[in-house]
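**Student:** Give the three-dimensional model of this entry:
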Amino acid sequence: TSSRFGSVRLMEHPWGRSSGDEFQVRLNNIYHKVLEVPVPSWPFSNDRLTVWRRKHPCITDDGVFGYVPPDEELDPVLAIPSMSHLL
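**Tutor:** Okay, here's the model as predicted:
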């Protein structure tokens, strides 16, 4: 299922084409991405090589969560060059 908003197509489940949404959610719950590099790809494709590291389990009264050390966090802020002045 998808919908259109102007010239942008919004997908209901915008996950990678090589794996399903269940796998992507599990991957993100247990691991954190430490590297992402573009690789040569076909036109209209956005292939990337990613490297993931297992999160450190942290047990609290509320349950278990994955801890990511600050020196292993990727910068979550991204912008195209023409929008970088907004950061």
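**Student:** need the contact list for Glu73.
**Tutor:** Contacts for Glu73 (Cβ atoms under 8 Å, 6 or more residues apart in numbering) come out as His32. Backbone N, C-alpha and C define where each C-beta goes, glycine included.
**Student:** Flag the shaky bits of this structure, pLDDT-wise.
**Tutor:** Where the chain drops to pLDDT under 70, the residues are 1-17.
**Student:** Which residue is most remote from the mean position of it?
**Tutor:** In terms of distance from the mean C-alpha position of the chain, Asp61 ranks first, at 28.3 Å (Cα atoms, centre = their mean).
**Student:** which residues touch it?
**Tutor:** Applying Cβ under 8 Å, 6+ apart to Asp61 gives no contacts.
**Student:** Can you give the strand pairings for the helix or strand hosting Thr50, parallel or anti for each?
**Tutor:** Using DSSP states H and E, Thr50 falls within strand 48-54. Here strand 48-54 is paired, per DSSP bridges, with strand 31-38 (antiparallel).
**Student:** The partner strand: which residues count as buried?
**Tutor:** For strand 31-38, a neighbour-count test (16 or more other Cβ atoms under 10 Å) marks Tyr31, His32, Lys33 as buried.
**Student:** Tyr31 versus Val64, what's the distance?
**Tutor:** The gap separating Val64 from Tyr31 is 15 Å, by Cβ to Cβ, to the nearest Å.
**Student:** try Pro38
**Tutor:** 20 Å.
**Student:** Check Gly20 too.
**Tutor:** 16 Å.
**Student:** do Leu49 as well
**Tutor:** From Leu49 across to Tyr31, the span is 15 Å (Cβ to Cβ).
**Student:** Check Ser82 too.
**Tutor:** Taking Cβ to Cβ as the measure, Ser82 falls 32 Å from Tyr31.
**Student:** all strands of this protein, in order?
**Tutor:** All strands of the chain, identified by DSSP state E, fall at 2-5, 8-11, 31-38, 48-54, 56-60, 63-67.
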